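would you be able to build a 3D model of this:
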Amino acid sequence: MTGVPIVVVGAGHAGFHTALFLRDEGVEAPIVLVDGLDGPPVQRPPLSKSMLLGEAEPRLEFRKPEFYAARDITLLHDTVARIDRERHLVRLGSGRALGYRDLVLATGCRARHLTVPGSGRAGICVLRTPHDARAIRDALGRADDVVVVGGGFIGLEAAAAARKRGCTVTVVESLPRLMRRVVSADISDHFRALHEAEGVRVLTDTTVHAFDGDTRVRQVVLADGTRLRADLVVLGIGVDPEVELARDSGLAVGDGIEVDTALRTSDPSISAVGDCSSFPTRDGTRRRFESVQNATDQARVAAARLAGRTVEFDAVPWFWTDQFAAKLQIAGLVPDPEAETETARIGDAADAFSVLHFHNGRLTAVESVNRPSDHAAARRLLAQDTSLRPDDARIPRFRLPGTAALRTG
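Okay, the predicted model is just below:
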């Protein structure tokens, strides 16, 4: 194919799927996928799950290399140093200039690091890339005492993997409860009890003061002076969106690259999708999500618009995490703990239940533990603005509409 290409910066879930959906939409322009990592684009969910367990390495590649040639998608292993918006050019780290018809920023996020004394010692790891995951996986084979800093999804998945591999594990979380930013207190309590039952020590309302040791970390020093033995530390304290390229180009940036409902930035020839983008939501606020679902759904919307079919991004967000024998799936956004909300719990089993959240009488979110049919039904209900009310969910043996047909036992 000839002509000025559509250039996609970043080959994670958002970038890869943008290129894929552009071809599915019938776009015939050349597509160039620019990414700084060597090798074909890879998916990230297995990195904090099956990859750390030390078993056979999962397949990470979205597609085999020949797929890209067949779809006339050029993979360019390089970085973008600067965007020349006036000339519609990107300046690459290699010195090359690449013209674009449209530019899609799918730059993702970078893992946060702790800046405390001793944070540069060996044995302190983050988990973001395949290289990170392999390093942690190999280190777990030699480690006895593991400290995980951060009680979010990534930290708790890493803690579960480390414990399964026989390590002594302590989780250090600065907030009052685990996964506080994304789940309700009921779910936090359930997963804390699960981890503690599996032998993980959980410390909340606790911060790290320093890392002690020689060339390697040997101890984690907490703010109250407590010292935890550690020959491996995994940091799971969140991520920051990669916005520098956009900011340096004069695009609107807040907590992410700001886009409209069609995922256009302040420059209509530049889009932003995935973890790096901040978009307007139904309630009038601006949000940024870090999830595979969000990346894929936004890629679909951006590709459709670049193909000449403008649609608005208004997908129901959903998230999931696997920890020990528990799969947590969340549809919608769990309300802020300070908001006036009602909840209803369905399911009688201690290890399989769902928590329904209502705000002003309207269903806003469903958290499901080991009840995948509830999750599937919740996503459909939230997408159609269901009329389900709190009193309905409190009827004995209540089931979400549509789950009966989904149940297999």
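
where does the stretch 251-400 of the chain have low pLDDT?
Applying pLDDT under 70 to the stretch 251-400 of the chain flags residues 337-338, 340.

please parse the protein into its domains.
Residue ranges for the domains of the chain, per automatic domain parsing: 6-110+240-306, 113-237, 325-406.

with distance to residue 319 and mean neighbour count added, can I get the ones you listed in CSV?
C-beta coordinates here come from the backbone N, C-alpha and C atoms, glycine included. As requested, the domains of the chain are arranged in CSV below (distance: least, Cβ to Cβ, whole Å; neighbours: other Cβ atoms under 10 Å):
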stretch, distance to residue 319, mean neighbour count
domain 6-110+240-306, 5, 19
domain 113-237, 7, 19
domain 325-406, 5, 17
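
tabulate those domains (CSV), appending distance to residue 314.
Formatted as CSV, those follow (distance: least, Cβ to Cβ, whole Å):
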stretch, distance to residue 314
domain 6-110+240-306, 7
domain 113-237, 20
domain 325-406, 9
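
so which of those domains comes closest to residue 316?
Among the domains of the chain, the nearest to residue 316 by Cβ to Cβ is domain 325-406 (4.5 Å).

chain center to the closest one: distance?
22 Å (Cα atoms, centre = their mean, to the nearest Å).

one more: stretch 210-222?
29 Å.

with stretch 205-222 instead?
27 Å.

again, but for stretch 235-245
So, by Cα atoms, centre = their mean, the centroid of stretch 235-245 is 11 Å from its chain's centroid.

now do stretch 221-241
Per Cα atoms, centre = their mean, the centroid offset for stretch 221-241 relative to its chain is 21 Å.

gap between residue 335 and residue 175?
Separation of residue 335 from residue 175 (Cβ to Cβ, to the nearest Å) stands at 17 Å.

helix, strand or coil: sort out residue 155 for me.
helix (DSSP: H, G, I helix; E, B strand; the rest coil).

so what's it up against?
By Cβ atoms under 8 Å, 6 or more residues apart in numbering, the contact set of residue 155 is 148-149, 171, 173, 234, 236-237.

just the pLDDT for it.
pLDDT for residue 155: 97.

tell me the spacing between it and residue 129.
17 Å.

for residue 100, same thing?
26 Å.

correct me if wrong: residue 61 contacts residue 16.
No: with contact defined as Cβ atoms under 8 Å, residue 61 does not count as touching residue 16 (9.8 Å).

what sits in contact with each of those two?
Both residue 61 and residue 16 are in contact with residue 41, where contact means Cβ under 8 Å, 6+ apart.

does residue 146 belong to a helix, a strand or coil?
Residue 146 ends up strand, using three-state DSSP.

that one and residue 225, how far apart?
Distance of residue 146 to residue 225, given as Cβ to Cβ: 21 Å.

list the contacts of the top helix by length along the chain.
In the chain, taking DSSP state H as the definition, the longest helix is helix 292-306. With Cβ under 8 Å, 6+ apart as the test, helix 292-306 has contacts from 6, 12-18, 20-22, 24-25, 27, 43-45, 102, 104, 106, 262-264, 271, 273-275, 277, 279, 310-313, 315, 317-319.

what's the helix or strand for residue 82?
Assessed by DSSP states H and E, residue 82 sits inside strand 80-84.

can you check residue 7 too?
Residue 7 belongs to strand 6-9, assigned by DSSP H and E.

just checking, what packs against that strand?
Contact here means 3 or more Cβ pairs under 8 Å, 6 or more residues apart in numbering; DSSP states H and E; on that basis strand 6-9 packs against helix 13-24, strand 31-35, strand 102-105.

with distance to residue 342 and mean pLDDT added, can I get the ones you listed in a markdown table?
As requested, the helices and strands packed on strand 6-9 are exported to a markdown table (distance: least, Cβ to Cβ, whole Å; pLDDT from 0 to 100):
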| stretch | distance to residue 342 | mean pLDDT |
| --- | --- | --- |
| helix 13-24 | 34 | 97 |
| strand 31-35 | 45 | 97 |
| strand 102-105 | 40 | 98 |
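
for residue 344, find the nearest of these.
Closest among the helices and strands packed on strand 6-9, once you apply Cβ to Cβ, is helix 13-24, at 32.9 Å.

now tell me what touches the helix or strand encompassing residue 171 from outside.
In the assignment (DSSP H and E), residue 171 maps to strand 168-172. For strand 168-172, contacts defined as Cβ under 8 Å, 6+ apart pick out 144-151, 155-156, 159, 162-163, 178, 195, 199-203, 206-208, 220, 222, 228-230.

repeat that for stretch 206-214.
In contact with stretch 206-214 (Cβ under 8 Å, 6+ apart) are residues 114, 116-119, 121, 123-124, 149, 172-174, 217-225, 227, 230, 233.

with stretch 352-364 instead?
184, 186-187, 332-335, 339-347, 365-371, 374-375, 378, 381-382, 385-386, 388-390, 393, 400.

check stretch 121-136 too.
37, 42, 44, 46-48, 51-52, 60, 109-114, 139, 154, 158, 211, 213, 215-217, 230-236, 239.

repeat the analysis, applying 7 Å as the threshold.
The contact list for stretch 121-136 (Cβ atoms under 7 Å, 6 or more residues apart in numbering) reads 37, 42, 47-48, 51-52, 60, 110-111, 113, 154, 158, 211, 213, 215-217, 231-236.

how about the nearest residue to residue 154 once chain neighbours are set aside, phi and psi?
In space, and not counting its chain neighbours, residue 154 is closest to residue 236: 4.1 Å by Cβ to Cβ, 6 or more residues apart in numbering. Dihedral pair for residue 236: phi -130, psi 60, per degrees, to the nearest 10.
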